[in-house]
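Trainee: have a look at this prediction, sequence included:
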Amino acid sequence: MPGALHGQGTEIQRPSSRQEIGLAQHLRKIGARMYSAYWCPFCQRQKELFGREAFAQIDHVECDPKGENARPQLCQAAGVRGYPTWVIRGRSYPGLRSLEQLAAISGYKP
């Protein structure tokens, strides 16, 4: 990924809104988890949709063994085949998701 340091994604540029933070807190509360790889452009876009403060609330797992704080064993155990993949309420949702989709999937009501 251009601009990424070896093993790290690029920094999230956008600040979060209150709504984005609320969704992120809800996802964390229900045990949702996002699996990704530092070099994945769709993963970076997913992070940017939340913004800095909100994404800091997300339970995020780095799957590439070369990534910072990598936990590839968790990715294997979850059956992750592509990035990003969300696991919400025991179900996998591969691919980039809008915040509206994540809210609907997780039952978030602002």
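Mentor: Noted; the coordinates are in hand.
Trainee: so where's the protein uncertain?
Mentor: 1-8 (pLDDT under 70).
Trainee: mind listing what's buried in stretch 40-53?
Mentor: Neighbour counts using 16 or more other Cβ atoms under 10 Å place 40, 43, 44, 46, 47, 49, 50, 51, 53 of stretch 40-53 among the buried residues. For glycine as for every other residue, the C-beta is placed from the backbone atoms N, C-alpha and C.
Trainee: same deal with stretch 96-110?
Mentor: Those would be 96, 97, 99, 102, 103, 105, 106, 108, for stretch 96-110 by 16+ other Cβ under 10 Å.
Trainee: looks like the fifth one contacts residue 23 (just checking).
Mentor: Just to be clear, that refers to residue 103. Yes. At 5.7 Å, residue 103 counts as touching residue 23 under the criterion of Cβ atoms under 8 Å.
Trainee: nearest residue to the middle of this structure?
Mentor: The chain has residue 34 as the residue nearest its centroid, 3.8 Å off, counting by Cα atoms, centre = their mean.
Trainee: check contacts around that one.
Mentor: Contacts of residue 34 were listed using Cβ atoms under 8 Å, 6 or more residues apart in numbering, and they are 46, 58, 59, 60, 61, 84, 85, 86.
Trainee: pairing partners for the strand or helix carrying it, with directions?
Mentor: Using DSSP states H and E, the element containing residue 34 is strand 33-36. Counting by DSSP bridges, the strands paired with strand 33-36 are strand 60-62 (parallel), strand 85-88 (antiparallel).
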